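In: Here is a sequence with its predicted model. Questions after.
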Amino acid sequence: MEIVRESGIEKEEKWRRHLERANARTGSLEKFCQDEGLSLATLNYWRKKLKENSGTSMPTVITRAGPKASQFIPVQLSEPTQHSRRAQLPDPAWLAELILNLTAKGTLR
């Protein structure tokens, strides 16, 4: 069985088409990648690579879209209270440990 490799141009065109379809999706990017059998990391790699190589703006892929990206959620802000004000920032070591733990558990991406 002979393995046929795609040329660089063929790969770029294939990933351009994937990115165009990803931008036209209605659901989440994760679901799109799962349905298409694609890796989210690879899709983002090609988005960045094609944008850098073309010098023009490639379609932007939003990685965190809700069920309907156009859905508006109203938010009302109130005046800060004494309890909501921080006298100082959190300890950097504590913050770094928190981020590492959240990342390791898959909470942050």
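Out: Happy to help now that I have it.
In: these two touch, right, His18 and Leu43?
Out: Yes. Assessed by Cβ atoms under 8 Å, His18 is found in contact with Leu43 at 6.3 Å. For the C-beta atoms, the positions are set from N, CA and C on the backbone; glycine is no exception.
In: List the buried residues for whichever strand or helix holds Ala22?
Out: Secondary structure assigned from DSSP states H and E places Ala22 in helix 8-23. Residues of helix 8-23 classed as buried: Glu12, Trp15, Arg16, His18, Leu19, Ala22 (neighbour count, 16 or more other Cβ atoms under 10 Å).
In: Relative to Lys105, how far out is the fourth one?
Out: Taking Cβ to Cβ, to the nearest Å as the measure, His18 falls 29 Å from Lys105.
In: do the same with the second one
Out: Trp15 sits 31 Å away from Lys105, going by Cβ to Cβ.
In: What is the helix or strand where Asn101 lies packed up against?
Out: Using DSSP H and E, Asn101 sits in helix 92-104. Helix 92-104 sits against no helix or strand, with contacts defined as 3 or more Cβ pairs under 8 Å, 6 or more residues apart in numbering; DSSP states H and E.
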